[in-house]
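Student: coordinates only, sequence not included:
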Ligand SMILES: Cc1cc2nc3c(=O)[nH]c(=O)nc-3n(C[C@H](O)[C@H](O)[C@H](O)COP(=O)(O)OP(=O)(O)OC[C@H]3O[C@@H](n4cnc5c(N)ncnc54)[C@H](O)[C@@H]3O)c2cc1C
Ligand SMILES: Cc1cc2nc3c(=O)[nH]c(=O)nc-3n(C[C@H](O)[C@H](O)[C@H](O)COP(=O)(O)OP(=O)(O)OC[C@H]3O[C@@H](n4cnc5c(N)ncnc54)[C@H](O)[C@@H]3O)c2cc1C
Ligand SMILES: Cc1cc2nc3c(=O)[nH]c(=O)nc-3n(C[C@H](O)[C@H](O)[C@H](O)COP(=O)(O)O)c2cc1C
Ligand SMILES: Cc1cc2nc3c(=O)[nH]c(=O)nc-3n(C[C@H](O)[C@H](O)[C@H](O)COP(=O)(O)O)c2cc1C
Ligand code: FES
Ligand code: FES
């Protein structure tokens, strides 16, 4: 499945924080300076190492946006536990340790001259931004939030129409992204998606019903992030090219997969 | 042995760093603001908790000097391992976590109108400063350093004559503190001492030969610092009043002991 | 909201106790902690006669934990009864004596001396890794454990908690042996045998060479063993090993512990016990748990 | 300065290897590390047929360490020989295959398939806590360990390293059983069985409930066991468990290890192996140690 977004050399780097701000409750927007930006593909991720020595494992965070010429990378994340709590305290000039670029990106080449629907939910929204920036065809976003604490909305609007669903109905369609798609009768030629598992399951099913190809970005607990530990697997329909069993490594062979190929 | 310097309530506090500077290679001079200063006795110590969560135990550091009216406490320490290395990075305004005041101080009341010799070596020098400030009689310091990187010399000179020995002979008497005492034919009525174990052994023997009372401050690996874990014991001549064996707790019943009562 | 638990008929106002050997007999930490708030105080190991313990260094720091080889220094049962127990009697908390010995007779002697005292429970330490005779020898062999438990139960007037060693192949088997011999409860884990070497001096960091590892580093091993013991026996379990926060304590309770102890973390934060007690209440409030019993063993797949 | 060691006749340029299961077959980390610099690469466990491993979540973080319950997922010996071994053959380092199985026959099958290959040594994993059949069942019973070692030695063309489990009462006894059956070396420790519970979901953090604890948290236990094994047997020992720095590696060597492995710390710092190799040389220079052999087991009281 590593047919998409070709991988370039990985490294561990000490990088500087350019700026950080809270853009919604517990949602942080972090810009860092790293040469990794040069080769980053939309849909890839990096891992950030917490400084707290009781929390050793690196935290995978999707690349939200890159400025490839200026070595700038944007990460948008939600405070979840100890690691992201620590990250949220970083300030301009702080040095942090990252591993990247990891995984394979979205198959951007498949957007050529066609309409791509970016379906995302909550903290799955960030990677869609760079995917939209890089897309070669028309983009429409269908994004779900918990409530009216929207984030990245203006950023997305620069690259396409943004259709919103909120769980509590406080903004846009009340319900989930599929509700919004049906309500607004949105169609597209290909789907890129990232978000919580129930959403991805619904997207997979929707794409199948509609006969549209869908590429979805998965999450799993990770240790190495580079394909060595086999911690982060997902069940596959066919025997996997690397593992020779019905399991594929999300970190190394994903995180983006053709929805048809993974059992979620 | 808790006859000396009466103990007052202990607490754990978050305190601020007032200033810190390096006063000799790897020797740091740290002033903190804490109400513990009000009741601190010369010879007591506090423990500092490293922030690094892989190093959990608090580090015992002697009280070097206090300004009881201004809630200021001075600590002078050598960078030894991970904990003190971390401490050396603290800057004005940083918040640190301390436990104190711990242990019992020097028996200051025994210096009344007599001459006290403060014998100290290396990083045993700091606690002698407050002892000298509080002393009720005449003070003479006999201090040993590794080399001519002297520290706290001017501070000591404010309270008495300072006789110096250096291991490499680069300043004062070449040799140790006992060599200096003999060379300069120094005498006194009581000895207060702190420093490395070989020095304390020599001081104990010297005091015995001369028939002078000596009070020495001991070190041992500690966990609790408050007398609960029994980690930090020293062998005693008589059965100890607390433990009912020939072992006394340095943290709670010391760190200052009558040299005659401990087996070192 | 009910946080009261009962272990072998003894009621505690909450499940939080102090781990033996980390809290003296309560005196030292009473400057920091109101002992009345604790479910119970488990004392340092007490033997029939005073024990001098091991040479120093007795403690060493490790990554996220510590090693100790105190060697059960204690003033003996006479001093305990004269000095330490009267001190504890001032407080409304359950006093649990931790008993150690070299022979079965040593243990029984201390146990018998407790008969007419205010001691609420007896915790029998057959798992200290830091003494040459007794202790762990009873705790690493299920027949020996069965035997000593039986002998102690025959003489004990208070409920008997057998304190198990984690240095065994199968903790479930050990818990079963204690239960079969009549133990009223088991507590676990004692420390895991470890070693540290000073590479600059090329010497053991502890005079005793090995010591017992405790602290947050060992928590996953302790939680696993508590869970396995809870699957193996019906008697109550007191869980410990690396508890630093209420969240940690709740992990043990969900794994099957009725009571929990704070050990090495007392040294790192003398207020840990109180913070754990408050935090358990906050968790119960947050998740609408009316009775702490609804949490005991409530983990699922 | 000599850092070369020989284990059962196989020479390594330095004592530093990768711990099984933490370095794939070298491919993934070859982007970070020049494999030519390593003493050896120990591969992920390889079985006779592909294994699918356990459901996810398979990993969880703990204080200063991690739990894993991968369940020995691997593509099987055929793929190993076709893809992974040719990759390793490009480098000047000793290739050590880690072998797993459900039955003695499974192990022997893989061992026999290695006969005419470039594999330098065989590490036999009888200590994985995360699979239901085989593995640890052989590693927690000294008769079973003796038996499987004997069977494997009868067929093996390369030196055999038996990888021991720390989840035992007496590691010395286990090392002795392996030695008595003809093992050329022992490696230890594998992970310590642990558990983590998500207190908010009241669920096990790992789908497998229990997992193996590794990382800096376990180092004191590992050093102790290496020391005890070194006291019990004469065959060489490969030590591991929480090695993060050269200082850690030297601790194992002083305790009696001839070789050392870096495991979970590869995940935290992919350059750990190289930093350990450089750091050992720096230590030897600083203390004027001419030959690494002068450090092996050189701890004293
Ligand atoms: C490929 C990938 C991309 C991701 N991109 C983003 C992103 O752009 N923005 C964002 O907010 N989050 C993202 N996540 C989720 C993010 O990794 C977790 O929220 C984060 O690791 C939580 O760490 P913590 O220390 O705050 O939480 P804790 O719960 O304290 O973490 C404990 C351990 O569990 C792991 N963990 C916890 N939650 C998750 C999770 N959901 N997925 C994987 N590991 C987890 C942590 O990495 C750590 O090892 C991504 C996850 C993956 C796998
Ligand atoms: C009562 C007392 C007063 C002291 N006063 C001073 C002082 O005023 N200035 C000063 O520089 N040093 C003093 N020390 C020594 C100081 O405590 C140690 O240098 C310090 O703990 C080293 O910590 P580390 O993390 O840098 O070293 P590491 O070697 O990394 O420490 C590892 C562990 O060993 C302990 N440890 C290491 N060395 C010692 C030691 N010499 N004594 C006790 N524990 C040790 C640490 O506390 C820690 O638990 C005193 C020690 C005691 C017992
Ligand atoms: C310094 C120290 C002394 C101990 N002494 C005893 C003891 O006397 N009796 C006993 O049963 N356990 C003793 N223990 C073990 C603890 O009670 C507890 O089982 C173990 O430390 C694990 O808990 P923790 O990780 O919270 O410390 C001691 C532990 C420490 C750290
Ligand atoms: C993710 C992971 C997978 C592992 N897989 C294996 C394995 O396949 N075979 C094996 O013998 N040991 C395996 N181990 C155990 C390690 O080789 C090593 O013994 C253990 O992790 C202790 O070392 P450490 O603390 O440096 O990680 C694995 C460990 C981890 C963390
Ligand atoms: S996290 Fe290690 S293989 Fe994916
Ligand atoms: S350090 Fe605990 S008794 Fe002294």
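Tutor: Thanks, I have the structure now. Since the model is a prediction, treat every value here as computed from it, not as a measurement. Ligands and ions are numbered 1, 2, ... in the order given.

Student: does stretch C:257-277 come close to chain A?
Tutor: No: looking at stretch C:257-277 against chain A by Cβ under 8 Å from any Cβ of the partner chain, there are no contacts, and the closest approach is 12.0 Å. For the C-beta atoms, the positions are set from N, CA and C on the backbone; glycine is no exception.

Student: Can you list the buried residues in that stretch?
Tutor: The neighbour-count criterion (16 or more other Cβ atoms under 10 Å in any protein chain shown) identifies C:257-270, C:272-277 as the buried residues of stretch C:257-277.

Student: can you check stretch A:19-30 too?
Tutor: By neighbour count, and taking 16+ other Cβ under 10 Å as the criterion, the buried residues in stretch A:19-30 are A:20, A:23-24, A:27-30.

Student: Give me the pLDDT for the closest residue to residue A:246 other than its chain neighbours.
Tutor: Among residues not flanking residue A:246 along the chain, residue A:236 sits closest, at 5.1 Å (Cβ to Cβ, 6 or more residues apart in numbering or on different chains). At residue A:236 the predicted local distance difference test score is 96.

Student: Kindly report the same for the one 5 residues further on.
Tutor: Looking at residue A:241, its pLDDT is 92.

Student: now residue C:228
Tutor: Confidence score, pLDDT, at residue C:228: 98.

Student: Work out for me the element it sits within.
Tutor: Taking DSSP states H and E as the criterion, residue C:228 maps to helix C:219-232.

Student: Establish whether that helix and chain B are in contact.
Tutor: No: under the criterion of Cβ under 8 Å from any Cβ, helix C:219-232 makes no contact with chain B; the nearest approach is 12.8 Å.

Student: Report how many residues lie close to residue 61.
Tutor: As the question left the chain open, I've gone with chain A. Residue neighbour count, defined by other Cβ atoms under 10 Å in any protein chain shown, stands at 24 for residue A:61.

Student: actually chain C
Tutor: Quick note: residue C:61 (other Cβ under 10 Å) scores 22 neighbours.

Student: is it true that it touches residue B:56?
Tutor: Yes: Residue C:61 lies in contact with residue B:56 (Cβ atoms under 8 Å); the separation is 6.8 Å.

Student: And what about the residue of chain C found nearest ligand 1, helix, strand or coil?
Tutor: In chain C, the residue that lies nearest ligand 1 is residue C:247 (10.9 Å; Cβ to the nearest ligand atom). Going by DSSP: H, G, I helix; E, B strand; the rest coil, the secondary structure assigned to residue C:247 is helix.

Student: so what's the residue in the stretch 201-301 of chain C positioned nearest to ligand 4 scoring on pLDDT?
Tutor: Among the residues of the stretch 201-301 of chain C, residue C:217 lies nearest to ligand 4; the distance is 11.6 Å by Cβ to the nearest ligand atom. The pLDDT attached to residue C:217 in the predicted structure is 98.

Student: for residue C:52, what are its contacts?
Tutor: When contacts are counted by Cβ atoms under 8 Å, 6 or more residues apart in numbering or on different chains, residue C:52 touches B:245-247, C:71, C:73.

Student: anything in the helix holding residue C:228 near ligand 1?
Tutor: No: under the criterion of Cβ under 6 Å from any ligand atom, ligand 1 is not reached by helix C:219-232; the shortest gap measures 13.2 Å.

Student: ok, is the next helix or strand after that helix in contact with chain B or not?
Tutor: Scanning forward in sequence from helix C:219-232, with DSSP H and E defining helices and strands, the next element found is strand C:237-240. No: interface with chain B: strand C:237-240 contributes nothing (Cβ under 8 Å from any Cβ), its closest point being 15.4 Å away.

Student: How about strand C:237-240 and chain D, touching?
Tutor: No: counting by Cβ under 8 Å from any Cβ, chain D has no neighbours in strand C:237-240; the shortest distance is 11.5 Å.

Student: With residue C:75 as the reference, measure out to the closest residue to residue C:76 other than its chain neighbours.
Tutor: In space, residue C:76 comes closest to residue C:50 once its chain neighbours are excluded; the distance is 4.0 Å by Cβ to Cβ, 6+ apart. Computed as Cβ to Cβ, to the nearest Å, the residue C:50 to residue C:75 distance reads 5 Å.

Student: dump the residue contacts of residue C:197.
Tutor: Going by Cβ under 8 Å, 6+ apart, residue C:197 touches C:203-205, D:223, D:251, D:254-255, D:299.

Student: rewinding a little: could the buried residues of stretch A:19-30 be laid out in TSV, adding distance to residue A:210?
Tutor: Written out in TSV, the entries for these read as follows (distance: Cβ to Cβ, whole Å):
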residue	distance to residue A:210
A:20	39
A:23	33
A:24	31
A:27	31
A:28	35
A:29	33
A:30	36
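
Student: Chain B: which of those is nearest?
Tutor: Ranking the buried residues of stretch A:19-30 by separation from chain B, with Cβ to the nearest Cβ as the measure, puts residue A:20 on top at 21.1 Å.

Student: Touching, that closest one and residue A:93? I think so.
Tutor: No: Residue A:20 lies out of contact with residue A:93 (Cβ under 8 Å); the separation is 10.7 Å.

Student: so which strand or helix has residue A:16?
Tutor: Mapping residue A:16 onto the secondary structure by DSSP H and E places it in strand A:11-24.

Student: Note down every partner strand of that strand and its orientation.
Tutor: The strands that strand A:11-24 pairs with in its sheet are strand A:27-33 (antiparallel), strand A:95-102 (antiparallel) (by DSSP bridges).

Student: nearest residue to the residue of the stretch 101-250 of chain C found nearest chain B other than its sequence neighbours?
Tutor: As assessed by Cβ to the nearest Cβ, chain B sits closest to residue C:215 within the stretch 101-250 of chain C, at 6.2 Å. Nearest residue to residue C:215 in three dimensions, chain neighbours excluded: residue C:65, at 3.1 Å (Cβ to Cβ, 6+ apart).

Student: which residues sit in contact with the one you found?
Tutor: Residues touching residue C:65, when contacts are defined by Cβ under 8 Å, 6+ apart, comprise B:56, C:213-218, C:242, C:264, D:64, D:217, D:220.

Student: relative to its centroid, which residue of chain C is most remote?
Tutor: With Cα atoms, centre = their mean as the measure, chain C has its most outlying C-alpha, relative to the mean C-alpha position, at residue C:200: 34.7 Å.

Student: So that residue belongs to a strand, correct?
Tutor: No: when three-state DSSP is applied, residue C:200 is found to be coil, with no strand at that position.

Student: Off-centre distance for stretch A:210-219?
Tutor: On the basis of Cα atoms, centre = their mean, to the nearest Å, stretch A:210-219 sits 13 Å off its chain's mean C-alpha point.

Student: Oh, that last question was meant for stretch A:69-80, not what I typed.
Tutor: Its chain's C-alpha centre lies 11 Å from the corresponding centre of stretch A:69-80 when counted by Cα atoms, centre = their mean.

Student: so does that stretch get close to chain D?
Tutor: No: among the residues of stretch A:69-80, none lie within reach of chain D under Cβ under 8 Å from any Cβ; the closest is 11.3 Å away.
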